[in-house]
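Trainee: Here is a sequence with its predicted model. Questions after.
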Amino acid sequence: MANQLCGAVKVCNGPGCKAWASQELIHELTRIEGEFGKGAKMVKPVSCMNKCGGGISVKSKACKSILKFRKLTSAINVLVPESLIQEEKVCS
């Protein structure tokens, strides 16, 4: 799992989460996955998770609860393993 996102990631794409930039998070995670995920489709936009308010709702296979993120950078820091972030810095 060293060169993958932390398991399958479901990102809420409901109206409340879109207001918190869920589409940008989906785009960024998909971009990172495309560069380093070796073709695995781990990022899945889903309809409303009914956990509205306070940020983007995200469910990761590695975590049993729904996570909430208010900032894109916070989500990336939690969902993308440090090994990928280091690779990205080296490749840039």
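Mentor: That came through fine. What you see is a predicted model; the values in this text were computed from it and never measured. Residues are numbered from 1 along each chain as shown.
Trainee: Ramachandran angles for the nearest residue to Val46 once chain neighbours are set aside?
Mentor: Computed as Cβ to Cβ, 6 or more residues apart in numbering, the closest residue to Val46 that is not its neighbour in sequence is Lys10, at 4.8 Å. For every residue, glycine as well, the C-beta is placed using N, CA and C. Main-chain dihedrals, Lys10, degrees, to the nearest 10: phi -100, psi 130.
Trainee: which ones are touching Lys10?
Mentor: Lys44, Pro45, Val46, Met49, Val58, Lys59, Ser60 (Cβ atoms under 8 Å, 6 or more residues apart in numbering).
Trainee: Just these: which are in strands?
Mentor: Residues of the contacts of Lys10 located in strands (DSSP state E): Lys44, Pro45, Val46, Val58, Lys59, Ser60.
Trainee: Of the contacts of Lys10, keep whichever come out buried.
Mentor: Pro45, Met49, Val58, Lys59, Ser60 (16 or more other Cβ atoms under 10 Å).
Trainee: among those, which two are most distant?
Mentor: Pro45 and Ser60 (14.1 Å; Cβ to Cβ).
Trainee: In this protein, where is pLDDT below threshold?
Mentor: Where the chain drops to pLDDT under 70, the residues are 1-7, 37-40, 82-92.
Trainee: same thing but at 50, please
Mentor: Where the chain drops to pLDDT under 50, the residues are 1-3, 85-92.
Trainee: which one of the buried ones among the contacts of Lys10 is nearest Pro81?
Mentor: Ser60 (11.7 Å).
Trainee: how close does that closest one get to Glu28?
Mentor: 15 Å (Cβ to Cβ, to the nearest Å).
Trainee: Could you pick out the longest helix of the chain?
Mentor: Identified as the longest helix of the chain according to DSSP state H is helix 22-36.
Trainee: got the contact list for the closest residue to Pro45 other than its chain neighbours?
Mentor: Spatially, and ignoring its direct neighbours in sequence, Pro45 is nearest to Asn13 (4.3 Å; Cβ to Cβ, 6+ apart). For Asn13, the contact set (Cβ under 8 Å, 6+ apart) comprises Ser22, Gln23, Ile26, Pro45, Val46, Ser47, Cys48.
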